[in-house]
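Chemist: Pasting the sequence and the predicted coordinates here, then a few questions.
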Amino acid sequence: MRFKEIKRWNQTPLQARVFLQRGPDRIGSSYKKAVYKQFTDNSFKKTVEKPDWLGFLGPIIKAEVGDSIIVHLKNFASRSYTLHPHGVKYTKENEGAFYPDNTKDLLKKDDAVKPGELYTYKWDVAEDHGPAEGDSNCITRIYHSHTDAPKDVASGLVGPLITCRKGTLDGGSDRHIDAEFILMFSVMDENLSWYLDDNIEKYCSEPAKVDKENEDFQESNKMHSINGYMYGYLPNLTMCAEDKVKWHLFGMGNEADIHSAYFHGQVFTERNHRIDSISLFPATFVDALMVSKNPGEWLLSCQVNDHIEGGMQAIFEVKDCKKPTTDHNEYTNIRHYYLAAEEIIWNYGPSFVSIKFLLNSESQTFFEQNEKRIGGSYKKAVYKEYTDGTFTKCKKRLPEEEHLGLLGPVIKAEVGDIIRVTFKNNGSHPFSIQPHGVSYSKGNEGALYHTISGGEYGNHYTGGMKQKYKVQKCSWWNLSPTLYLHEKTYYIAAVEVEWDYSPNRTWEHERHEFHEESPGNPFLNKEEKFIGSKYKKVVYREYNDRMFSTPKERAEEQQHLEILGPLLLANVGDKVTIVFKNLATRPYSIHAHGVKTDSSTVAVTQPGETRTYVWKIPDRSGSGKGDPSCIPWAYYSVVDKVKDTYSGLIGTLVVCSKQYLPTFLLQKRVEFALLFMVFDENQSWYLDENIKTYSANPGIVNKEEEEFIESNKMHAINGKLFGNLHGLTMHVGDKVSWYLMGMGNEVDMHTAHFHGHSFDYKQTGVYRADVFDLFPGTFQTVEMFPKYPGTWLLHCHVTDHIHGGMETTYTVLPKEGKNLQQPPWVAVWVTLARISTALHAKALPQHNPYIKAYTGSLGTQPAAGVLTSREEFPDASQDFKSSFCLSDSLFRH
């Protein structure tokens with residue numbers, strides 16, 4: 001494989017003036033890019049052809065578990081690049097990623113392949129990186145350049161990497177499918193490309209007129225593409241009806257890259273769920289299986305309004321190849337619905353009737369009505385249901401349907417039914433009706449393939465996207481069956497501190513040495529009016545007792561928590577008592593997700609006050625079927641949920657399933673809680689105080705200036721930027737639970753990527769990945785079994801978040817202990833019901849490692865075996881007869 005710079009990549013010819021028309025200060029649709037190309041041998045003379053639909057993506061790399069992948073990479077480009085893979089095993093000299101990782105000399109050569117140089121990368125498809133139990137036979141991963149990943153990918157250096165179970169591939173194809181396609185959904189930001197200046201000079205008719213900071217110019221270079229093509233120009237997505245088609249989909253890019261890939265006319269299966277659209281984000285990798293139906297040309301697009309308008313559309317063709325159908329349903333039952341589009345006046349907030357009520361509230365922005373503002377009422381078109389095809393009698397909504405609001409009526413059907421919708425347009429514009437999740441022919445699609453108007457974003461919570469619901473106690477037998485027998489007490493205070501997001505910038509400057517200046521400067525430089533890296537904040541901290549005189553010192557394994565409050569641990573059935581003291585200067589509280597309280601409101605604790613909060617941990621708060629044994633929830637202050645959280649009051653509550661029997665811990669368990677969040681200091685209660693204290697020139701600060709606002713958005717992991725989060729240390733052989741949390745605003749779309757290792761996560765099945773998607777209110781446990789020593793990068797894969805500093809490293813040390821062949825002796829005291837004496841159990845690190853229960857001293861070493869009869873233990877009751885053992889795999893871990 002080699003890099004090659006191509007002089008002209010044409011996204012599509014003459015459409016969409018904003019993005020594609022050339023001019024004095026517009027580049028148009030063609031750009032210079034760097035791409036990966038495959039060659040037949042090390043002479044690098046003859047290329048290997050690839051499918052047209054790959055666009056500018058690199059060649060497809062495929063391998064099975066147990067295979068090694070060797071890539072000879074030659075750089076024919078004009079600057080240094082690398083090749084970094086996702087989802088395979090590699091050593092430090094084969095990582096292909098530049099960042100401060102404490103390596104040097106030969107271990108650094110992979111970090112940048114200079115122009116004209118050749119470097120060989122070797123990757124292994126290890127079992128712990130391949131498909132997990134719940135995954136399909138072949139899973140989607142990628143490779144890309146990583147000197148500066150956002151700029152390298154924007155320049156074009158990205159390609160697909162497919163890893164499969166052993167025995168899946170026949171040559172280079174999955175033996176179980178008929179057709180396969182790989183699609184990247186991305187708003188390719190050519191402003192980030194290393195070749196922006198080259199493209200301005202080459203394609204703008206008057207380059208001197210270009211202002212690279214102009215917003216309209218920047219927007220014109222954001223190409224809403226699928227594999228680098230726009231507006232339906234992606235070629236040759238063809239298949240036969242009844243083909244088994246595998247779609248490998250992934251997203252790359254920035255905060256704008258929230259994609260919902262929708263396939264018209266088809267349904268597919270992804271992780272045992274039947275759907276017709278898939279959510280994609282930067283570094284989200286998905287594979288889905290479709291049995292193609294309904295011959296015709298169908299639209300494939302992102303459903304985000306701006307992205308459809310921007311051209312993120314393609315056409316795939318299903319041909320009638322006369323293959324026998326796999327659909328054996330007999331559609332005999334017809335369900336009739338009569339729907340009309342009707343125009344109404346819709347009030348988004350009918351309770352806002354008082355101008356006095358609106359003043360100085362969050363709702364004023366949206367509901368104030370005057371000569372320049374519409375207010376809360378708008379003319380809308382909605383679906384209404386009628387009783388029959390005469391459309392004379394509108395069907396009245398039942399009380400239980402009132403919550404539908406603006407939505408049309410619910411259409412219900414069973415498998416095997418035909419839904420027949422008679423639609424009448426009583427509106428003043430052309431409308432149609434298009435369904436998701438059912439089969440239909442081209443004549444019943446209800447969609448025109450053209451663009452629609454774009455959308456608008458806002459702060460969802462403060463903008464009013466909230467609703468109260470009421471739970472009624474209907475009868476006495478609804479009472480919770482959970483008995484809360486065990487009580488835990490924590491002493492927690494809200495404490496105001498000086499917080500430094502980036503106390504050391506050495507890592508940052510080494511990380512971004514390819515830049516003329518660090519991308520962290522806008523956030524961390526303390527020049528003129530800007531605040532810099534230090535802010536006054538309020539945090540939760542644990543104390544030893546209710547006197548709140550001595551803070552509880554954090555243990556070494558908790559140092560990584562940083563801005564987070566103490567890690568609170570509870571089991572299902574626990575009652576957690578929080579004795580909370582407010583040592584801050586304004587009112588706060590403490591409340592957790594996933595807990596049961598006796599009141600629907602959370603009491604406010606005034607400055608200087610102490611209040612007790614009681615959280616009950618019901619069954620529903622613990623692990624469900626298919627969940628890991630312990631799951632995280634967030635806790636925070638809810639006096640003003642948004643401002644309190646941005647001010648610093650947030651922590652992690654971990655709830656574990658009930659433990660009726662002891663756990664035989666032959667593995668050291670390591671736990672880390674990580675919060676990925678852009679702390680918006682503009683929303684902090686302490687903004688004015690921070691300006692006064694830390695700004696070099698408070699008098700000239702304009703809090704409404706965009707540059708100032710942006711400088712106060714701290715892209716943090718646990719409140720630290722650019723490698724300043726420390727303490728993420730583990731050993732080979734540990735079992736590591738990562739409790740991942742996402743909170744914040746609409747920019748807080750995070751894709752947490754772990755270099756060097758894959759992890760397992762459970763969501764109705766066990767899946768494997770090295771990137772996990774996080775959004776505000778997302779909490780997930782992922783489990784890792786580290787095997788590869790080294791210092792590895794851990795970061796959000798969103799472009800702006802990488803450059804904003806949402807990166808750190810974790811370190812895997814060699815295995816602990818002198819004897820690396822066998823685990824140390826582990827003795828566990830066990831008390832079993834119905835046995836009159838305490839029994840001892842010892843794990844024997846032998847080839848046949850069973851647990852044997854026995855009486856006597858711990859110094860005794862019985863032969864490995866299984867408890868099989870009552871005669872061995874005459875004290876055992878009649879109920880204790882059955883044999884038991886622990887699987888060999890538990891001990892090998």
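Modeler: Structure's in. What do you need? Residues are numbered from 1 along each chain as shown.
Chemist: got a list of contacts for whatever helix or strand residue 339 lives in?
Modeler: With elements taken from DSSP states H and E, the one containing residue 339 is strand 333-347. Applying CB atoms under 8 Å, 6 or more residues apart in numbering, the external contacts of strand 333-347 come out as 376-389, 391, 406, 408-409, 411-414, 416-428, 431, 433. The way it works is simple: take the backbone N, C-alpha and C, and place the C-beta from them, glycine included.
Chemist: cool, stretch 501-515 as well?
Modeler: Under the criterion CB under 8 Å, 6+ apart, external residues in contact with stretch 501-515 comprise 80, 98-100, 147-148, 518-520, 523-524, 533-535, 679, 714, 716, 719-724, 805, 807.
Chemist: ok, back up a step: just checking: what are the partner strands of the strand holding residue 339?
Modeler: Strand pairing for strand 333-347, determined by DSSP bridges: strand 377-386 (antiparallel), strand 417-425 (parallel).
Chemist: which of the residues in the longest one are buried?
Modeler: This points to strand 377-386. 381, 383, 384, 385, 386 (16 or more other CB atoms under 10 Å).
Chemist: cool, stretch 787-797 as well?
Modeler: In stretch 787-797, counting by 16+ other CB under 10 Å, buried: 789, 790, 791, 792, 793, 794, 795, 796, 797.
Chemist: Domains in this protein, by residue range?
Modeler: If the domains of the chain are taken from automatic domain parsing, they occupy 2-319, 333-438, 491-563+576-586+665-813, 817-893, with pieces of a single domain joined by a plus sign.
Chemist: Now do the residue most central in space within the chain against residue 800, distance only.
Modeler: With distances taken as CA atoms, centre = their mean, the residue of the chain nearest its centroid is residue 773 (0.8 Å). Counting by CB to CB, to the nearest Å, the gap from residue 773 to residue 800 is 16 Å.
Chemist: Equivalent analysis for residue 415, please.
Modeler: Residue 415 sits 44 Å away from residue 800, going by CB to CB.
Chemist: More neighbours: which of these two?
Modeler: In this comparison of residue 415 against residue 800, neighbours counted by other CB atoms under 10 Å, the higher total goes to residue 800 at 21 against 6.
Chemist: pretty sure the more buried one contacts residue 255?
Modeler: Yes: between residue 800 and residue 255 there is a contact at 5.8 Å, judged by CB atoms under 8 Å.
Chemist: Now the common contact residues for those two.
Modeler: Counting by CB under 8 Å, 6+ apart, the residues touching both residue 800 and residue 255 are residue 747.
Chemist: mind checking which helix or strand the closest residue to residue 252 other than its chain neighbours is in?
Modeler: Nearest residue to residue 252 in three dimensions, chain neighbours excluded: residue 186, at 4.5 Å (CB to CB, 6 or more residues apart in numbering). Residue 186 belongs to strand 179-189 when elements are defined using DSSP H and E.
Chemist: List the neighbouring strands of that strand plus their orientation.
Modeler: Taking DSSP bridges as the criterion, strand 179-189 forms sheet pairs with strand 222-226 (antiparallel), strand 244-251 (parallel).
Chemist: Name the surrounding residues that touch the longest one.
Modeler: It refers to strand 244-251. Outside of strand 244-251, the residues that reach it under the criterion CB under 8 Å, 6+ apart are 138, 140, 142, 160, 162, 174, 176-186, 239, 257, 259, 261, 268, 278, 280-292.
Chemist: same thing but 7 Å
Modeler: Residues external to strand 244-251 that are found in contact with it (CB atoms under 7 Å, 6 or more residues apart in numbering): 140, 142, 160, 162, 174, 177-186, 239, 257, 259, 261, 268, 278, 280-282, 284-292.
Chemist: Among the residues you listed, which lie within strands?
Modeler: Assignment to strands by DSSP state E places the following of those there: 140, 142, 160, 162, 174, 179-186, 239, 259, 261, 268, 278, 280, 285-291.
Chemist: Next, count neighbours for residue 651.
Modeler: By other CB under 10 Å, neighbour count at residue 651 equals 25.
Chemist: For it, which non-adjacent residue is spatially closest?
Modeler: Here the nearest residue to residue 651 in space, its sequence neighbours aside, is residue 565; by CB to CB, 6+ apart that works out to 2.8 Å.
Chemist: Then residue 59?
Modeler: When the adjacent residues along the chain are set aside, residue 59 lies closest to residue 38, with 3.9 Å between them (CB to CB, 6+ apart).
Chemist: Now do the same contact list for the one you found.
Modeler: 1, 47, 48, 59.
Chemist: Now the buried members of the residues you listed.
Modeler: If we count by 16+ other CB under 10 Å, the contacts of residue 38 have these buried: 1, 59.
Chemist: Select from the contacts of residue 38 every entry located in helices.
Modeler: Counting by DSSP state H, none of the members of the contacts of residue 38 fall within helices.
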